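In: From the sequence below, what's the structure:
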Amino acid sequence: MARVQRPRWSHAKSPVLLPAERSQDLSEAVSSAGTAFLRAFGPRKPAIVAVQLLLLVIANFAAFTLRFDGDIPEQAKNALVVGAPIVLGVRALSLAQFRLFGGLWRYSGIWDLRNLVISMLLGTAVLAIALPLIVPAYPRSVLVIEGILGVFALGGLRLARRAYRERLSQLGPRRILIFGGGDAGATVAREMRQNLAHGMRPIGFIDDDPAKRGGNIDGVPVLGTRQELAAVASRVQPDEILIAVPCATSAQLRPILAELGALNLPVRILPSLEARLDRRASLVDRARPLAIEDLLRRDPVALDAAALDPLIRGRTVLVTGAGGSIGSELCRQIASLGPALLIMLDRYENGLYEIDQSLLRSHNSVRRLPLIGDIADRPRIENVFRTYRPEIIFHAAAHKHVPLMELSPSEAVKNNVRGTRIVAEAALAFHASRFILISSDKAVNPSSVMGATKRVAERMIQTLGDRSPSTVFAAVRFGNVLGSNGSVVPLFRHQIQNGGPVTVTHPDMRRFFMLIPEAVQLVLHAAAMAGQGEIYVLDMGEQIKVVDVARDLVRLSARRRSDADIRIEFVGLRPGEKLYEERVGSDEVVESSSVQRIDTVRPAVGSCTLAIEGLVSQLEAAAVASADELVLTLIKDIVPTFREISEPEAATA
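Out: Numbers count the residues shown, from 1 in each chain. The predicted model follows:
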């Protein structure tokens, strides 16, 4: 029987490799280990990892030295030599698990320190269990000491890098005094110190809390309270004031600006909470110059947004004058409510194009229809209604510039009276649900042609409402809106940029001011609750002196000391202007409505409500004939409270 020769390695636990095979396997093992190392530690520079591993080796040796009072016995030395690679490997894997090899040391903070401590505790626990099984002579006490030293070494390395960068930030070219020592202020100060690209250095805080005075926030001293703002600013000479109170009201901001007025310092403010939720830029980058709108902003009203949903969602909405200041903001807020179709009508193509492009970027999913058309062109208006059947109409198209309308009263009638009638009658004929006229506080006891034509339009839609079986006709009055076309604010800014003077008509001139988004929001809520023939007036707060607005703008423009030389010049009232506006006419009374900051205006008991259809027809005919004197006479017949001011009143400086 032949003897079967078995392979010589058949009884071995592992194959016997030749030297070349052994070398190849070793290379593969090293390569695999290197890949695993890079995967665990991330694409950081090897030197960064090496420095931390070196500190761990030093901490291990120092732990043995401390444990044995500098005289390490031979057996412990052997345990150190054998156990050190195991300790280093476990520590490295633990640090990698908590991503401590990939952090940016200049931004090190509580998060890094916490993870470092947890990592060292976890590594110590693993080593305390496993290492004695491999190296019995390795003292467990050394592991505790080595872990503590490792935390101090690696934590100190990170904090040293951060401290070095923050020290460099002290060389920033602009010295910033921060008003507000809360979370927002602390965050912005930290960003300034950590990011040298901002070129800013926080030199101190001002805070209303007296308990914080004399303390420091992230190493930045709290120098005083609001009452000491001007004195502190004079002493420390900042290049800029940053108001880090994102929820500050105009009542809080006005005294701050007044106290800083003599210093002529640039003032910036952090964005609102909603803007701060946008993480695409740092808080410092999103700080913006304090604007006049901030000084006039009122506390937000708690309005029920759900009330607007049935008014707009899924319906066809027409906005006339869509390219104007009010019309474009109406389009933006309506688009956010999900209409089935938003028709934007204007006769000026540039403004219409701009709002259409704006909505294309912000509300691309909303169906939009930008149409060129004149509200005084009956065939065009009727064609729009016949083709698209709008259900809700916001009529914002109007001539609004008071002095210009004084020179062209017939044109004011053609647009503000005839145009309104044509759109309103189309709404009635095509069974629209609601027609909302955007009116003005200048319609109250009017002294200008513009205001008087707006009052005629109000009375006209009330007359239409009396004979309307289904369409609700209503009007909403409000005052000056900041930044609108024809507003004094853009004029003042232009004059300031040119070095002055800033021209104000009269030192006692007062006006209601509103922000455009706030006004439009209230208009939409008035539309949602509109009753037949109702006129609503918005609560516009207290009237503000126009000269105070001019002074605030001069202060806000401060970039150099010479800005203090910009003077304010009083030039006298212009034709049609009053010293102050009114919310309610002498023949009207006001009642509260169900919506905060919206009141209902009703005719006073015993007031005359004569029929105006015939007079309006005569008025329009006179306007078409450009018979300006007859136009003014007929306006007075329709609006008995119209008091024409033909000559400017002299102003007293």
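
In: Return the backbone torsion pair for residue 537.
Out: Dihedral angles phi and psi of residue 537 (degrees, to the nearest 10) take the values phi -120, psi 130.

In: Wait, it touches residue 478, no?
Out: Yes: under the criterion of C-beta atoms under 8 Å, residue 537 lies in contact with residue 478, with a separation of 7.5 Å. Every residue, glycine included, has its C-beta placed from N, CA and C.

In: what about the two, which has more around it?
Out: Neighbours of residue 537 and residue 478, each counted by other C-beta atoms under 10 Å, are more numerous for residue 537; the result is 27 against 24.

In: Show the contacting residues for the more buried one.
Out: If a contact means C-beta atoms under 8 Å, 6 or more residues apart in numbering, then residue 537 has 441, 476, 477, 478, 583, 584, 590, 598, 599, 600, 601 as its contacts.

In: Can you classify the spatially closest residue to it that is not a sequence neighbour as helix, strand or coil?
Out: In space, and not counting its chain neighbours, residue 537 is closest to residue 477: 4.6 Å by C-beta to C-beta, 6 or more residues apart in numbering. Assigned by DSSP: H, G, I helix; E, B strand; the rest coil, the conformation of residue 477 is strand.

In: I figured residue 477 was touching residue 536, is that so?
Out: Yes: Residue 477 is in contact with residue 536 according to C-beta under 8 Å; the separation is 7.1 Å.

In: Quickly list what's touching both of these two.
Out: residue 601.

In: Show me what the helix or strand encompassing residue 569 is in contact with.
Out: In this structure, residue 569 is located in strand 568-570 according to DSSP states H and E. With contact meaning C-beta under 8 Å, 6+ apart, strand 568-570 is reached by 500-507, 547, 550-551, 554, 651-653.

In: picking that back up, quick one: neighbours of the residue nearest to residue 537, just the number.
Out: Taking other C-beta under 10 Å as the criterion, the count of residues near residue 477 is 28.

In: got a pLDDT number for it?
Out: If you check residue 477, the pLDDT there is 90.

In: With residue 393 as the reference, measure out to it.
Out: Distance of residue 477 to residue 393, given as C-beta to C-beta, to the nearest Å: 17 Å.

In: would you list every one of the helices in the stretch 301-450 of the chain?
Out: Assigned by DSSP state H, counting those that start in this stretch, the stretch 301-450 of the chain shows helices spanning 309-312, 325-335, 349-362, 378-388, 402-407, 409-412, 420-429, 449-466.

In: who wins for proximity to residue 87 among these?
Out: Each of these was scored for nearness to residue 87 using C-beta to C-beta, and the closest is helix 349-362 (58.1 Å).

In: and the angle from that closest one to helix 325-335?
Out: Between the axis of helix 349-362 and that of helix 325-335 there is an angle of 30 degrees, by axes from the mean of the first three to the mean of the last three C-alpha atoms, to 10 degrees.

In: Next, the buried residues of stretch 325-339.
Out: 325, 326, 327, 328, 329, 330, 331, 332, 334, 335, 337, 339 (16 or more other C-beta atoms under 10 Å).

In: can you give me the mean pLDDT across that stretch?
Out: The average pLDDT for stretch 325-339 rounds to 94.

In: now it, how far from the chain's geometric center?
Out: Here the centre of stretch 325-339 is set off from its chain's centre by 18 Å, with C-alpha atoms, centre = their mean, to the nearest Å.

In: cool, and stretch 226-244?
Out: Average the C-alpha atoms of stretch 226-244, do the same for its chain, and the two points are 25 Å apart (C-alpha atoms, centre = their mean).

In: Make 465 the first number, not 1, from now on.
Out: With the count now opening at 465, the last piece we talked about shows up as stretch 690-708.

In: Can I get that stretch in CSV, CA atoms only?
Out: This file holds the C-alpha atoms of stretch 690-708, laid out as CSV (Å, rounded to 0.1, in the frame of the first residue of the first chain):
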residue,chain,number,x,y,z
ARG,A,690,-26.9,103.1,29.6
GLN,A,691,-26.8,106.3,31.7
GLU,A,692,-23.0,106.3,31.4
LEU,A,693,-22.9,105.6,27.7
ALA,A,694,-21.9,109.1,26.5
ALA,A,695,-19.3,109.4,29.3
VAL,A,696,-17.8,106.0,28.6
ALA,A,697,-17.7,106.6,24.8
SER,A,698,-15.9,109.9,25.4
ARG,A,699,-13.4,108.2,27.7
VAL,A,700,-12.5,105.1,25.6
GLN,A,701,-12.9,106.7,22.2
PRO,A,702,-14.4,103.8,20.2
ASP,A,703,-14.5,103.9,16.4
GLU,A,704,-18.1,102.5,16.4
ILE,A,705,-21.0,101.6,18.6
LEU,A,706,-22.6,98.2,18.0
ILE,A,707,-26.0,97.7,19.6
ALA,A,708,-26.3,94.0,20.4
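
In: Residues in contact with that stretch: which ones?
Out: The contact list for stretch 690-708 (C-beta under 8 Å, 6+ apart) reads 638-644, 646, 648-649, 652, 667-668, 670, 672, 687-688, 717, 719-720, 723-724, 726-727, 729-734, 751, 754.
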